[in-house]
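S.K.: Output the structure for:
(one chain, ligands or ions: 2)
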Amino acid sequence: MGLAQSIVDAIVSVIFPAPCRICGAVLTRTSVLPICEGCFQSLRPLNGPVCACCGRPFASEVALDAKMPKCFACRRDVYAFECARSFGPYTDQMVRAIGLMKYERLTQLGQWFAQRLHGVVQENTVLSEVDVVVPVPLHPGRLRERGYNQAELIAKPLARWMRLPLGPYLLVRTKPRPPRLLLSRRERWLTVRGAYEIRKGTRVDNLRILLIDDVFTTGATLDACSRALKRAGAKSVVGLTVARAISWAAAEAAVSSQKVTTTYLKPASKGQVSRLKMD
Ligand SMILES: [Zn+2]
Ligand SMILES: [Zn+2]
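M.R.: Ligands and ions are numbered 1, 2, ... in the order given. Next up is the predicted model:
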């Protein structure tokens, strides 16, 4: 660190003794983001074996012995997307960092996350061989209330780095999220079933789509978006999120929710009905 920078930092920490918004430590460096170096360091990537399909981390290396290691949910073909990956585990620090971006419109934090996701894309060719980047949409009511979509804060810079078009207009959320904040894992599946549709007048035929969201909890949201996109003719859908909630209960909820899939989807044509019954 140069002398000039240390003087600036010293003055800044005296004049603006701003606390790190994650751990509360006083920020001693000038930065556009109110997060200390230590907290940034703690937002680490997932390492270790993951499900080849949904990217769920495995508890042990044993699962990797199989040629195509798949988790409990993916062996039962629960998800409509081809593949999903996440940057890092949903730790306490990650919860707070995502909350900051989500509720305070920290676009620079969106860029920081997008940079991490770009790293994940570069390691997984299946995520990079796509035609368009689509942020998971908010319900129009929620979007009006918040003024922006946090998934778009990440998807926009990512699309730019991937040199791909951004398609925030392709999907719409038609069913609002229920007012209750805490939903059980099974409720998450039920509330997003059939909650997304293709915007009228747009086409996704034969497109390979990269869906972007902040958190992968049960996979219900990415799954519901993927079903809508595929019903409308998308060729393939892959998902990428900043964080991943790590829990076996999440995989089990995904499997148990399969039973309700057919009753909650509203198919538009007879052909789709027969396809759904085969699921
Ligand atoms: Zn901190
Ligand atoms: Zn899986």
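S.K.: State the distance from residue 205 to residue 174.
M.R.: 21 Å (Cβ to Cβ, to the nearest Å). Yep, even glycine has a C-beta here, placed from its N, CA and C like the rest.
S.K.: Over to residue 30?
M.R.: Taking Cβ to Cβ as the measure, residue 30 falls 44 Å from residue 174.
S.K.: rewinding a little: so if I had to pick from residue 205 and residue 174, which one is more boxed in?
M.R.: Neighbour totals were compared for residue 205 and residue 174, and residue 174 leads with 14 against 8 (other Cβ atoms under 10 Å).
S.K.: That one contacts residue 192, doesn't it?
M.R.: No. Contact between residue 174 and residue 192 fails when scored by Cβ atoms under 8 Å: they sit 10.9 Å apart.
S.K.: Is residue 194 within a helix or a strand, and which one?
M.R.: In the assignment (DSSP states H and E), residue 194 maps to no helix and no strand.
S.K.: residues near it, how many?
M.R.: Taking other Cβ under 10 Å as the definition, residue 194 ends up with a neighbour count of 17.
S.K.: cool, the one 4 residues further on as well?
M.R.: Under the neighbour criterion other Cβ under 10 Å, residue 198 is assigned a count of 17.
S.K.: low-scoring stretches of this structure, by residue?
M.R.: Per-residue confidence for the chain (pLDDT under 70) gives these ranges: 1-3, 5-17, 60-68, 180-183, 247-279.
S.K.: what does it put close to ligand 2?
M.R.: 51, 53, 54, 56, 71, 74 (Cβ under 5 Å from the ion).
S.K.: So which of those residues belong to helices?
M.R.: Under the assignment DSSP state H, the residues of the chain next to ligand 2 contribute residue 74 to helices.
S.K.: are any of the residues of the chain next to ligand 2 buried, and which?
M.R.: A residue is treated as buried here by neighbour count (16 or more other Cβ atoms under 10 Å); on that basis the buried members of the residues of the chain next to ligand 2 are 51, 53, 54, 56, 71, 74.
S.K.: So which residues of the stretch 101-250 of the chain form helices?
M.R.: Secondary structure of the stretch 101-250 of the chain by DSSP state H, counting those that start in this stretch: the helices cover 107-123, 125-128, 140-146, 150-162, 185-192, 220-231, 248-264.
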